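Chemist: After the sequence you'll find the predicted model.
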Amino acid sequence: MTQICRVGAAAAGMVVVAVLVAGCGGDGVPDAAPGASRTPIIDLTTPEPTDTDTGLPFSTEDPYATEEPTETPGPEADFDRLVEEKGWVLDAYNDGSPSTFVLRACAALDEGIELSSPPEYLVDMGYLEGDKKHVLQAGVPKLCPKWTSAVKQAVSGDYDRWYGNGTYVVSSKAIAGEREIPPGTYQTTGKLDDCYWERTSESGEIIDNNFATSARKITVTIRSSDGQFTTERCGTWKPVK
C-alpha cells in the first residue's frame, strides 16, 4: 500500500511539471491571457561607452575634412625677423609689426601728398627718426619698391620741395624761424581760380606779380636777388627741371 502511494505522488508531481511547462511560451515567458496582445521585450541595458563615443546619435567627423595647409612665410614675416635680428627698435607710437610700419608709410605716399614731395613728406612726418630710417631703408625695397628712390632721396637730403600758400624768404640755405624757397623756376598746374602771386625785394617792393581769375598752368622764375615770394590760392608750386 505504501509503495502504491509513492508511485501516485510521483505521477502527480509529473503532472504539475507538465502543467507548468504547458503554461509557458517557447521563450520561458508565461502565455498571455486569451485575446490579449503580447508586449515585445525591450533591452534597457546601457552599452559601455567607447573612447570615440560623443553621446550624439550621429558622427561629428567631417568626411571631407582635410588638413590645414602649412602657411609659407611671406616677405612681411621675413622682414620682421630681419628687424629683430638687427635689433632695430620702433617707438611706442608705431603699434604693429615693422612690416606694418613700412606698408603704412607707402600707403600714405600712394594716396598722394598735395603740399609735399614724397621725400619731403617722409622727413617732415618723422619717418626717418631713430631706427625708423633703417627700417624704411631695408623694408621699402622689399615690400613697396616703387618708393625706394623717395626713401634714398629723403635719407640723402637732396630732394625737391613743394610750396603751397604763404610767404617765403628767398634763400638757398635754411633760416631759423623762416619758410624759405630757393631761387629757381616753379610751376603750378590744375584748376587754378583767383590765384595771386608776387615777387618782392627785401624791402617789400613788388618786382613782379599777377592775379589769375582762372588758369590751368602758371610758371614763375624767382631770382636770387629777390627778397620774398608770396602765393595765395595757387595750389602747389613744384620746381621745373
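Modeler: Done, it's in.

Chemist: Export stretch 179-189 to CSV, keeping only CA atoms.
Modeler: Output of stretch 179-189 as CSV, limited to C-alpha atoms (Å, rounded to 0.1, in the frame of the first residue of the first chain):
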residue,chain,number,x,y,z
ARG,A,179,60.0,129.4,-44.5
GLU,A,180,62.4,129.7,-47.4
ILE,A,181,62.3,128.9,-51.1
PRO,A,182,65.5,128.6,-53.2
PRO,A,183,65.9,130.7,-56.4
GLY,A,184,64.7,128.8,-59.5
THR,A,185,61.7,128.2,-61.8
TYR,A,186,58.5,126.9,-60.4
GLN,A,187,55.2,125.8,-61.9
THR,A,188,51.7,125.1,-60.6
THR,A,189,49.1,123.1,-62.5
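
Chemist: for that stretch, which positions count as buried?
Modeler: For stretch 179-189, burial by neighbour count (16 or more other C-beta atoms under 10 Å) applies to 180-181, 186, 188. To be clear about C-beta, it is placed using only N, CA and C from the backbone, and glycine gets the same treatment.

Chemist: quick one: contacts of it?
Modeler: 161, 163, 166-174, 195, 216-224, 226, 229, 234-240 (C-beta atoms under 8 Å, 6 or more residues apart in numbering).

Chemist: Please indicate which of those residues are buried?
Modeler: Buried members of these, counted by 16+ other C-beta under 10 Å: 161, 163, 168, 170, 195, 218, 220, 222, 226, 229, 234-237.

Chemist: quick revisit: narrow the contacts of stretch 179-189 to those in helices?
Modeler: Secondary structure from DSSP state H places none of the contacts of stretch 179-189 in helices.

Chemist: hang on, the earlier thing: residue 132: which of the buried ones among the contacts of stretch 179-189 is nearest?
Modeler: For the buried ones among the contacts of stretch 179-189, the residue nearest residue 132 by C-beta to C-beta is residue 161; the value is 20.8 Å.

Chemist: Now that closest one: closest residue in space that isn't a chain neighbour?
Modeler: If the residues on either side of it in the chain are set aside, residue 161 comes closest to residue 120, at 5.3 Å by C-beta to C-beta, 6 or more residues apart in numbering.

Chemist: for the one you found, what are its contacts?
Modeler: 154, 159-162.

Chemist: Buried ones among those?
Modeler: The buried subset of these - by 16+ other C-beta under 10 Å - is 154, 159, 161-162.

Chemist: how near is residue 198 to residue 190?
Modeler: Here the criterion is C-beta to C-beta, to the nearest Å. By it, residue 198 lies 20 Å from residue 190.

Chemist: Check residue 143 too.
Modeler: Remark: distance between residue 143 and residue 190 (C-beta to C-beta) = 31 Å.

Chemist: In terms of neighbours, single out the busier of these two.
Modeler: Applying other C-beta atoms under 10 Å to residue 143 and residue 190 shows that residue 143 carries more neighbours, namely 19 against 14.

Chemist: wait, isn't the more buried one in contact with residue 77?
Modeler: No: at 11.4 Å, residue 143 does not count as touching residue 77 under the criterion of C-beta atoms under 8 Å.

Chemist: Next, show the common contact partners of the two.
Modeler: Jointly contacting residue 143 and residue 77 under the rule C-beta under 8 Å, 6+ apart are residue 99.

Chemist: In what element of secondary structure is residue 151 found?
Modeler: Residue 151 belongs to helix 148-156 when assigned by DSSP states H and E.

Chemist: Sort out which residues of that helix are buried, please.
Modeler: Those would be 150-151, 153-155, for helix 148-156 by 16+ other C-beta under 10 Å.

Chemist: Closest one of those residues to residue 125?
Modeler: Among these, and counting by C-beta to C-beta, the member closest to residue 125 is residue 154, at 10.2 Å.
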